[in-house]
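Asker: Sequence and predicted structure, then a few things I'm wondering about:
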Amino acid sequence: MAAPVTHYENFPVASVLCPPHLRQPIAALYAFARTADDLADEGTAPAAERLADLAAYRNELLAVAQGQPPGPRWPAVFGPLQGVLHSHQLPVPLLCDLLSAFVQDVEKTRDGTGYADRAELLDYCRRSANPVGRLLLHLYGVSDAASLAHSDAICTALQLINFWQDLSVDIPRGRYYLPHADCEAHGARAAELRALQSTPQNAALIADCTRWARQTMLSGAPLVHRLPGRAGWELRLVVQGGLRTLDKVEALRGASLHTRPKLHVGDWCRMLVRALAM
């Protein structure tokens with residue numbers, strides 16, 4: 001649950017608001033996710049090699065979770081992670097869900113198929129983003145159903161916001177997250193989207209997707225009042241960071257297809273004021 005400002009967007013790394021006793025476990029989780037993200041997304045390796053590396057990475061996770069020593073390839077990742085898995089009894093299936101989302105990214109990029117509808121995209125978010133919030137809630141000792149549902153909404157919203165913020169980056173790389181059903185509903189043509197053309201139809205499509213992300217974020221926002229102390233304050237900034245990013249996307253009126261909106265100092269001041277008002 002973190003604003004989209006880091007290499008792997010969903011972890012609050014070394015934040016001054018993060019409880020000190022959780023910084024090392026969160027850093028270990030971040031290193032796990034960041035390295036998997038790199039295997040899926042960085043460099044020039046072909047898809048087959050990326051998928052093989054992710055399969056090996058998953059096998060290593062399962063091995064250390066069963067008490068085997070970390071192998072020689074990723075000891076800086078799985079050494080610390082093994083300690084956290086043991087000390088905090090982290091749910092390993094959530095980590096496997098993250099890896100399955102990275103695999104899907106590789107497969108979707110290779111095939112160029114994109115997502116048929118919002119349900120399919122939400123299933124991806126369930127594995128690519130929601131496990132992060134649930135892992136953090138596990139560390140905070142929060143496990144009630146309402147908090148988990150609110151966390152899922154916030155994490156899904158952050159993932160959607162990242163998609164709509166990064167259209168100008170993702171589409172040229174062969175990653176298509178705008179659902180086909182939404183494109184058809186707004187009359188947005190695939191060729192024009194892939195050419196990053198600002199058309200009225202594309203602008204209406206992006207505006208609709210932005211509203212979807214905002215509604216999802218607001219539906220999860222009550223979680224800020226369920227988390228104690230520093231965790232609650234960090235989450236307030238996370239929520240406001242996501243909403244402010246949506247403000248920026250909306251202000252571009254479809255031009256986010258070729259311009260990536262960014263947060264500046266003035267935006268952070270506004271986010272802080274809004275967080276204090278929550």
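Answerer: Here it is on my side, so go on.
Asker: which SS class is residue 136?
Answerer: Secondary structure state of residue 136, per DSSP: H, G, I helix; E, B strand; the rest coil, is helix.
Asker: residues near it, how many?
Answerer: Residue 136 has 26 neighbours, counted by other C-beta atoms under 10 Å. No exception for glycine: its C-beta is placed from N, CA and C like everyone else's.
Asker: again with the one 3 residues further on
Answerer: Other residues within reach of residue 139 by the criterion other C-beta under 10 Å amount to 19.
Asker: Beyond the helix or strand hosting it, next helix or strand please.
Answerer: Assigned by DSSP states H and E, residue 139 belongs to helix 130-140. Sequence order places helix 145-165 as the next helix or strand after helix 130-140, per DSSP H and E.
Asker: Only C-alpha atoms, please: export that following helix in CSV.
Answerer: The C-alpha coordinates for helix 145-165 follow below in CSV (Å, rounded to 0.1, in the frame of the first residue of the first chain):
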residue,chain,number,x,y,z
ALA,A,145,-12.6,-9.0,6.9
ALA,A,146,-13.6,-5.3,6.5
SER,A,147,-9.9,-4.2,6.7
LEU,A,148,-8.9,-6.8,4.1
ALA,A,149,-11.6,-5.7,1.7
HIS,A,150,-10.7,-2.0,2.1
SER,A,151,-7.0,-2.9,1.6
ASP,A,152,-7.8,-4.8,-1.6
ALA,A,153,-9.7,-1.7,-2.9
ILE,A,154,-6.8,0.6,-2.2
CYS,A,155,-4.3,-1.7,-3.7
THR,A,156,-6.4,-2.3,-6.8
ALA,A,157,-6.9,1.4,-7.2
LEU,A,158,-3.2,2.0,-6.9
GLN,A,159,-2.6,-0.5,-9.6
LEU,A,160,-5.2,1.1,-11.9
ILE,A,161,-3.8,4.5,-11.2
ASN,A,162,-0.4,3.3,-12.2
PHE,A,163,-1.8,2.0,-15.5
TRP,A,164,-3.6,5.2,-16.4
GLN,A,165,-0.5,7.3,-15.3
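Asker: now for that helix, which elements pack on it?
Answerer: helix 118-128, helix 130-140, helix 200-220, helix 229-251 (3 or more C-beta pairs under 8 Å, 6 or more residues apart in numbering; DSSP states H and E).
Asker: So what touches whichever helix or strand comes after that helix?
Answerer: Proceeding N to C from helix 145-165, the next assigned helix or strand is helix 167-170, under DSSP H and E. With C-beta atoms under 8 Å, 6 or more residues apart in numbering as the test, helix 167-170 has contacts from 163, 176, 177, 178, 196, 206, 256, 257, 258, 259, 260.
Asker: Now the two most distant members of those.
Answerer: 176 and 259 (18.4 Å; C-beta to C-beta).
Asker: Pick out whichever of these two has more residues nearby.
Answerer: Each of residue 176 and residue 259 has its neighbours counted (other C-beta under 10 Å); residue 176 has more, 21 against 15.
Asker: what residues does the helix holding residue 139 touch?
Answerer: Counting by C-beta under 8 Å, 6+ apart, 1, 10-12, 19, 22, 25-26, 29, 33, 88, 90-91, 94-95, 97-98, 143, 147-148, 151-152, 154-156, 227-228, 231 sit against helix 130-140.
Asker: swap the cut-off to 6 Å and go again
Answerer: For helix 130-140, the external contacting residues (C-beta atoms under 6 Å, 6 or more residues apart in numbering) are 1, 10, 22, 25, 94, 97, 98, 151, 152, 155, 231.
Asker: can you check stretch 145-155 too?
Answerer: 1, 129, 130, 132, 133, 137, 216, 219, 220, 222, 223, 226.
Asker: Which of those sits closest to residue 185?
Answerer: Nearest to residue 185, judged by C-beta to C-beta, of those is residue 216 at 18.2 Å.
Asker: what about that closest one, neighbour count?
Answerer: With other C-beta under 10 Å as criterion, residue 216 counts 22.
Asker: residues in contact with it?
Answerer: 153, 156, 157.
Asker: wait, what's in contact with the second one?
Answerer: Residue 156 makes contact with 125, 129, 216 under the criterion C-beta under 6 Å, 6+ apart.
Asker: between the residues you listed, which is closest to residue 54?
Answerer: The closest of these, once distances to residue 54 are taken by C-beta to C-beta, is residue 129, at 17.5 Å.
Asker: so that closest one sits right up against residue 159, yeah?
Answerer: Yes - Residue 129 is within contact range of residue 159, at 3.9 Å (criterion: C-beta atoms under 6 Å).
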